[in-house]
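In: Coordinates for the following, if possible.
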Amino acid sequence: MSVPGQRAVGGDGGRFGTPGRPLRRNSFLVGFTGALGVLSAYAVYLGLRNAAGILVLVVIALFLAVGLHPAVVRLRSWGLPRGLAVAVVALTVLALLGAGVLALVPPIVTQTGQFIEQLPSYLEALQRNETVNDLVVRFDLMRRAQEAANPDVVGRALGGVLGGAQLLFGTVFRVLTVLVLTIYFLVYFDRMRDLGYALVPRSRRERVQLIGDEILAKVGAYMVGALTIAVLAGAVAFVFALAVGLPYPFALAVVVAVTDLIPQIGATLGAVIVSLVGFATSPSIGIACVVFFVVYQQIENYLIYPKIMRRSVQVNEVAALVAALLGVSLLGVIGALIAIPTVAAVQLILREVVVPRQDAR
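Out: Numbers count the residues shown, from 1 in each chain. Modelled structure (predicted):
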């Protein structure tokens, strides 16, 4: 017996009534659906474009979390709970960052002041150089310098200083954001990984998990290898700077180490900066810098880098170069940093999934 005001349950109707006939596929409905799809795609594009800065920070944090996760696993194998292991890794990273800042800022401030004091002598030395005088006359550099000293340019420079302060605070905010996100990703790393594997069909889940874990291991190995090579390059540059009497040896060594983290072009960029400082000091020191970096880069490219990287991240050199160029064009320096691990992941998928599937046909 049915209750008044309640539809009957069962039959073709079900709880919410009988389904109606499907809508006819007329031209208006197809066009309207297509227009909604285009608008939705455009809305997604606008959202991604507006959130590009945050997404880059998220990618950096994920990259760092993947690289630091093996350290968390190692601490857990020693009996530490996961929360304590993550705390130890996070505090270690913060301590290293703090030590780097404390070690870097005082020499930079001191040596910058020394450079400003010695700047007049550098200018006098340049004025006595006949080649420099010829360039000044040929390109009319004196007139351009006088034009650059007008009040409008000075006002824009002041705005640039204020903009530089804003950039500094923005950089600090981004660094803190990346650190916080990295800690959260480390805490929930296993959950996020298991959730990603759970989205794969059960019949393929085990194989996807094995390949995914191998990709994560390669990313971590790449980070460790890149840091090792960068620290070694900075240390060698520091010893060389002390040996030849370069000014600002510690700051130049830090520049070499940081730029060496950039694939393909970073080592050359650091060499150019140090060589320019060497030529500003004296032509003989500048020539010595060029010779040193040419020799060292050959040793790094053909001896150090292959031994450290090829054992852990086996990447084709042509593919790595193309990926680095594409990464720089898409995401700047961040794209260059993640280019080689991405290529390693793609090569693994091609070798383990695509090629066997093609051979089976």
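In: all helices of the stretch 1-150 of the chain, in order?
Out: Under the criterion DSSP state H, counting those that start in this stretch, helices of the stretch 1-150 of the chain are mapped to 27-50, 52-77, 82-127, 130-139, 141-148.
In: Lowest average pLDDT across these?
Out: For the helices of the stretch 1-150 of the chain, mean pLDDT drops lowest on helix 141-148, to a mean of 55.
In: Pull the number of nearby residues for Val58.
Out: For Val58, the neighbour count with other C-beta atoms under 10 Å is 15. Just so you know, the C-beta spots here come from the backbone N, C-alpha and C atoms, and that holds for glycine as well.
In: and the closest residue to it other than its chain neighbours, what element?
Out: The shortest distance from Val58 to any non-neighbouring residue, by C-beta to C-beta, 6 or more residues apart in numbering, is to Leu181 (6.4 Å). Leu181 is part of helix 151-187, with elements assigned from DSSP states H and E.
In: backbone phi and psi for Ala51, please?
Out: The phi/psi pair for Ala51 (degrees, to the nearest 10) reads phi -100, psi 20.
In: On the pLDDT front, check the closest residue to Ala61 other than its chain neighbours for me.
Out: Of all residues beyond its chain neighbours, the one nearest Ala61 is Leu181 (3.5 Å), with distances taken as C-beta to C-beta, 6+ apart. Leu181 carries a pLDDT value of 90.
In: For Leu181, give me its contacts.
Out: Going by C-beta atoms under 8 Å, 6 or more residues apart in numbering, Leu181 touches 57-58, 61, 65.
In: rerun that using 7 Å as the cut-off
Out: Neighbouring residues of Leu181 by C-beta atoms under 7 Å, 6 or more residues apart in numbering: 57-58, 61.
In: out of the residues you listed, which one sits closest to Gly196?
Out: Taking C-beta to C-beta as the measure, Gly196 lies nearest Val58 of the contacts of Leu181, at 15.1 Å.
In: Please tell me how far the closest one sits from Leu232.
Out: Per C-beta to C-beta, to the nearest Å, Val58 is found 30 Å from Leu232.
In: Could you chop this structure up by domain?
Out: What automatic domain parsing lists as the domains of the chain is 53-126+163-199, 203-361.
In: could those be laid out in a markdown table, adding distance to Gly34?
Out: Below are the domains of the chain laid out as a markdown table (distance: least, C-beta to C-beta, whole Å):
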| stretch | distance to Gly34 |
| --- | --- |
| domain 53-126+163-199 | 28 |
| domain 203-361 | 29 |
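In: Highest mean neighbour count out of the ones you listed?
Out: Of the domains of the chain, the one with the most neighbours on average (mean count of other C-beta atoms under 10 Å) is domain 203-361, at a mean of 17.
In: Span of that one from start to end?
Out: 20 Å (C-alpha to C-alpha, to the nearest Å).
In: swap in stretch 349-359?
Out: 15 Å.
In: mean confidence score for that stretch?
Out: Mean predicted confidence for stretch 349-359 is 81.
In: Gln297 and Gly98, how far apart?
Out: Counting by C-beta to C-beta - Gln297 and Gly98 are separated by 31 Å.
In: what's the answer for Phe189, then?
Out: 24 Å.
In: Equivalent analysis for Cys289, please.
Out: Note on Cys289: its distance to Gly98, by C-beta to C-beta, is 31 Å.
In: How about Thr228?
Out: Using C-beta to C-beta, Thr228 is found at 21 Å from Gly98.
In: wouldn't Leu57 be in contact with Leu176 here?
Out: No. At 10.2 Å, Leu57 and Leu176 do not qualify as touching, with contact defined as C-beta atoms under 7 Å.
In: ok, Thr182 touching Leu62?
Out: No. In this structure Thr182 lies outside contact range of Leu62 using C-beta under 7 Å: 8.3 Å.
In: need the strands for the stretch 151-300 of the chain, in chain order.
Out: Using DSSP state E, counting those that start in this stretch, no strands are found in the stretch 151-300 of the chain.
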